[in-house]
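structure for this input, please:
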Amino acid sequence: MPNREPASREPVARRMPLPSDLGGIRAFFDQPPIQHLGLELAVCWILECLLAQDSYPTALMHGLAVAHPKLRLSETVLQQALSFLDQDGAISSYSQRCPSRGRPRRMLHLLDDHREAALALMDPWQHWLEENEHELRSGCHATGPGFHPVAHAAAGHRSGVLPAGC
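Got it, this is the predicted structure:
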């Protein structure tokens with residue numbers, strides 16, 4: 001039997017087309033790529049939404065894209081954040097029938113005994129949003145933790161592979 005190496009579990013990075021000239025590089029900075037939230041920021045986004053009202057996972061993802069057009073939340077990170085909140089005892093879920101769907105929706109609810117802790121995270125979350133969205137609008141790249149570039153790795157890092165601690 002041949003000795004086979006285990007398949008790599010590293011995410012596959014999306015390849016961006018190479019710029020045709022230096023103007024193409026400038027365009028990258030004028031219109032930075034969409035950024036994906038990491039676990040910590042995803043938890044804050046979910047808490048912000050659940051402080052306002054119960055919601056469901058797909059609405060959380062779509063709501064981020066509407067409220068903050070340069071930010072996205074992957075399904076994987078969303079599920080990790082929901083698992084984190086569930087294990088912490090901060091959220092519960094229930095089924096809600098929807099007339100337009102065949103099966104009930106899994107609705108998420110922030111438990112009352114975690115509202116105060118969730119509210120305490122809203123000031124730092126809003127501060128982070130203000131700082132980083134300003135940088136995105138102005139063409140600079142955010143460098144804070146939890147902010148994952150989609151197609152462009154930082155110098156010295158492989159595309160799609162985040163440094164430890166992110």
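
point out where the chain drops to low pLDDT.
1-17, 135-166 (pLDDT under 70).

the top helix by length along it - contacts with which helices or strands?
With secondary structure taken from DSSP state H, the chain has its longest helix at helix 115-138. Where contact means 3 or more C-beta pairs under 8 Å, 6 or more residues apart in numbering; DSSP states H and E, helix 115-138 is packed against helix 39-52. Backbone N, C-alpha and C define where each C-beta goes, glycine included.

buried stuff in the helix it packs on?
Residues 39, 40, 41, 42, 43, 44, 45, 46, 47, 48, 49, 50 are the ones in helix 39-52 that count as buried (16 or more other C-beta atoms under 10 Å).

stretch 21-34 now?
residue 32.

next, the angle from the longest helix of the chain to helix 39-52.
120 degrees (axes from the mean of the first three to the mean of the last three C-alpha atoms, to 10 degrees).

which residue packs closest to residue 44, ignoring adjacent ones?
Of all residues not flanking residue 44 in the chain, residue 125 sits nearest, at 3.9 Å (C-beta to C-beta, 6 or more residues apart in numbering).
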